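# let me see the structure of the following:
(2 chains)
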Amino acid sequence: DAKTTQPPSMDCAEGRAANLPCNHSTISGNEYVYWYRQIHSQGPQYIIHGLKNNETNEMASLIITEDRKSSTLILPHATLRDTAVYYCIVRANRDDKIIFGKGTRLHILP
Amino acid sequence: DTAVSQTPKYLVTQMGNDKSIKCEQNLGHDTMYWYKQDSKKFLKIMFSYNNKELIINETVPNRFSPKSPDKAHLNLHINSLELGDSAVYFCASSQGRGRGVWYGHEQYFGPGTRLTVT
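Numbering: from 1, shown residues only, chains lettered A, B, ... in the order given. Next up, the predicted model:
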């Protein structure tokens, strides 16, 4: 089973920030938080990852709570092309079991 | 140029048949993977190959056999297909060379192959 819990779906207006939450209350100290997205009929696409500190790249920002039991992916200015299923995954580098849960289906509204 | 390509995109076959899915990556990566996404949309890793050597082999029936002729190709052969094998299969690659290490931030996925077993 996936180690994360995400809302099944969310809506966000185009141009606004999309904030996608993820709970990972059983995360271990050596486990990273990864975010991927899957646009319809395509393979998953890596977005961002982090261990303890907040991270930002050209696609998104990742905010991890101090206790690391939850995180939020932020798409700063959502566009229609951001409509996808977003997966939050926690794992250590040497974990063999890699499971993407059901994710959050993000709808960007024009 | 497509970084990770898979053929075929769709595969419909009957129970009991043997089929193969091909995967090629032109990224020069050392590690390739196969994932299965089932009807509930759970995506799970099946195999990982590093420089033609099997690294990760999840609890997958031995009817599934990955074959890596060279580090740019990782094909998936499935014997005696069953209804439960119906899923979307994704190939992926990453640069990382560490044995047993999943480079989550470097994974490049192919477009997927939708297998339907009737």
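
# any low-confidence regions in chain A?
Residues of chain A meeting the criterion pLDDT under 70: A:1-2, A:93-97.

# do a quick rundown of the strands in it.
Using DSSP state E, the strands of chain A run over A:9-13, A:18-23, A:32-38, A:45-50, A:55-56, A:61-64, A:70-75, A:84-91, A:99-100, A:104-109.

# also chain B?
Along chain B, counting by DSSP E, strands occupy B:4-7, B:10-13, B:19-25, B:31-37, B:43-50, B:53-57, B:64-70, B:73-78, B:87-94, B:108-109, B:113-117.

# ok and the residue in chain A nearest chain B?
Proximity of chain A to chain B (CB to the nearest CB) peaks at A:G43, 3.0 Å away. Using the backbone N, CA and C atoms, a C-beta is placed for each residue, glycine as well.

# thinking again about what came up before, need the strands of chain A in TSV (columns: distance to chain B and mean neighbour count).
Formatted as TSV, the strands of chain A follow (distance: least, CB to the nearest CB, whole Å; neighbours: other CB atoms under 10 Å in any protein chain shown):
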stretch	distance to chain B	mean neighbour count
strand A:9-13	13	13
strand A:18-23	15	20
strand A:32-38	5	23
strand A:45-50	5	19
strand A:55-56	10	15
strand A:61-64	12	19
strand A:70-75	14	20
strand A:84-91	7	23
strand A:99-100	4	20
strand A:104-109	10	18
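
# quick one: the helix or strand of chain B with the lowest mean pLDDT to strand B:43-50, angle?
Scoring the helices and strands of chain B by mean pLDDT, DSSP states H and E places strand B:53-57 at the bottom, with a mean of 75. With axes from the mean of the first three to the mean of the last three CA atoms, to 10 degrees as the basis, strand B:53-57 and strand B:43-50 are set at 160 degrees to each other.

# and the angle from strand B:53-57 to strand B:31-37?
30 degrees.

# could you dump the strands of chain A to JSON lines with distance to B:H105?
As requested, those are exported to JSON lines (distance: least, CB to CB, whole Å):
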{"stretch": "strand A:9-13", "distance to B:H105": "24"}
{"stretch": "strand A:18-23", "distance to B:H105": "17"}
{"stretch": "strand A:32-38", "distance to B:H105": "7"}
{"stretch": "strand A:45-50", "distance to B:H105": "5"}
{"stretch": "strand A:55-56", "distance to B:H105": "10"}
{"stretch": "strand A:61-64", "distance to B:H105": "12"}
{"stretch": "strand A:70-75", "distance to B:H105": "14"}
{"stretch": "strand A:84-91", "distance to B:H105": "11"}
{"stretch": "strand A:99-100", "distance to B:H105": "15"}
{"stretch": "strand A:104-109", "distance to B:H105": "20"}
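
# fine by me, thanks again.
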